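Chemist: This is a predicted model, with the sequence first.
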Amino acid sequence: MQKKSMKFYINKTWINVLLWILVAIVIYPLFWIFINSLKTNTDLFVNTFNIPTDPLFSNYVDAWNMGLSGYFLNSIIVGVISILATITIGAFCAYGLSRLQSKWKMMIYYLIIGGLLLSPQSALISLYRILESLNIYNTYLAMILPYIAFRLPFAIFLMHTYFMDFPKELEDSALIDGCNTFTTFTKIVLPISKPILSAISIMTAIFVWNEFLFAMVFLEDSGLYTIPIGLYNFKDALATNWTALLAGIIIATIPIIVLFLFMSKSFIRGLTEGSVKG
């Protein structure tokens, strides 16, 4: 019995050590960016790994005034609309498929999640032609519509498996009380489904906030640039303010970190339940 306890303790210790090493590997690049964002450009290249003795928080002001404020606002507009549309459309579709009584429902479901196999790069030229023909090229919609389209299959996949195992007794009770299907879904099902909705919100937010390819190809007006394209344009052929660029990267990571910290429990719970249920 004592040998088993000792073996368990040793295994647990090694697992903890490994996890802490992984945490350090993930956090160190962000820490390196932060300390170097507080230096001058000269100090950045001369003393790359040193802690700054005289932190220059003015680099963050410079980054904000170099256009990051506009890029930040564009990312928020595109992100909020994309998240709300993905959740709304995905929830109605997933719930409908989970309750639909038809021999075709699984075929429809597989066709939808088949979108997971489609690479964004492979659809780039087709999307460009479609957006141009619809006269929405170089607009917010040129980013929002592809973002929604490429996030919906995964959102529907998670929510469908979640709704399949949703307690039917609650829905039956609501129907007995006089609620129709729409009211039951919006008043009963959705409030209890906050974990899966939180998980999808965070994953969609990360995708939209960091997406580069579509924003680069489908936008020409610099006033519509999102943060990834805006930070890319901080680079200049002759003189690049590298510390301001690093400060911009730190500013860009703050919303996603804050979002995850506030919704981490719901995210983990929703992701686990949505991928295991059904």
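Modeler: Arrived safely, thanks for sending. In this text, all values refer to a predicted model and were calculated from it rather than measured experimentally.
Chemist: Sketch out the low-pLDDT regions of the stretch 1-150 of the chain for me.
Modeler: 1-10 (pLDDT under 70).
Chemist: same question but for the stretch 151-278 of the chain, I mixed them up
Modeler: Those would be 236-239, 264-278, if you go by pLDDT under 70 across the stretch 151-278 of the chain.
Chemist: Spell out the residue ranges of the helices in it.
Modeler: 168-176, 181-184, 190-192, 194-210, 213-218, 227-232, 242-276 (DSSP state H, counting those that start in this stretch).
Chemist: So what touches the shortest one?
Modeler: With CB atoms under 8 Å, 6 or more residues apart in numbering as the test, helix 190-192 has contacts from 91, 166, 170, 197. To be clear about C-beta, it is placed using only N, CA and C from the backbone, and glycine gets the same treatment.
Chemist: now do stretch 113-133
Modeler: 137, 141-142, 145-146, 149-150, 152-154, 156-157, 213-214, 217-218.
Chemist: on that earlier part again, closest to residue 40 out of the helices of the stretch 151-278 of the chain?
Modeler: Set against residue 40 and scored by CB to CB, the helices of the stretch 151-278 of the chain come closest in helix 242-276, at 6.6 Å.
Chemist: can you tell me how far the spatially most central residue of the chain sits from residue 184?
Modeler: Central residue of the chain (CA atoms, centre = their mean): residue 206, 2.0 Å from the mean position. In this view, residue 206 and residue 184 are 31 Å apart by CB to CB, to the nearest Å.
Chemist: sorry, back to before: whichever of the contacts of stretch 113-133 end up buried, select them in ChimeraX.
Modeler: Restricted to buried positions by 16 or more other CB atoms under 10 Å, the ChimeraX selection for the contacts of stretch 113-133 reads:
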select :137,141,142,145,146,149,150,152,153,154,156,157,214,217,218
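Chemist: Between the contacts of stretch 113-133, which sits nearest residue 56?
Modeler: Looking across the contacts of stretch 113-133 and measuring by CB to CB, the closest to residue 56 is residue 213, at 33.1 Å.
Chemist: Output the helices of the stretch 151-278 of the chain in CSV; the columns should cover distance to residue 112.
Modeler: As requested, the helices of the stretch 151-278 of the chain are exported to CSV (distance: least, CB to CB, whole Å):
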stretch, distance to residue 112
helix 168-176, 23
helix 181-184, 20
helix 190-192, 20
helix 194-210, 15
helix 213-218, 21
helix 227-232, 28
helix 242-276, 15
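Chemist: Looking at those helices, which is nearest to residue 96?
Modeler: With CB to CB as the yardstick, what comes closest out of the helices of the stretch 151-278 of the chain is helix 181-184 (9.3 Å).
Chemist: Reduced to three states, what does residue 48 come out as?
Modeler: coil (DSSP: H, G, I helix; E, B strand; the rest coil).
Chemist: I'd assumed residue 35 was in contact with it.
Modeler: No: look at residue 48 against residue 35 with CB atoms under 8 Å: they stay out of range, at 9.3 Å.
Chemist: Of the two, give the one with the bigger neighbour count.
Modeler: residue 35 (17 against 11; other CB atoms under 10 Å).
Chemist: Quick check, that one in contact with residue 51.
Modeler: Yes: in terms of CB under 8 Å, residue 35 counts as a neighbour of residue 51; the distance is 5.8 Å.
Chemist: among the helices of the stretch 151-278 of the chain, which is nearest residue 56?
Modeler: helix 242-276 (7.1 Å).
Chemist: on that earlier part again, pull the contacting residues for the residue nearest to the centre of the chain.
Modeler: residue 256.
Chemist: Pull up the gap between it and residue 181, please.
Modeler: Residue 206 is 33 Å from residue 181, by CB to CB.
Chemist: swap in residue 40?
Modeler: In terms of CB to CB, residue 40 sits 63 Å off from residue 181.
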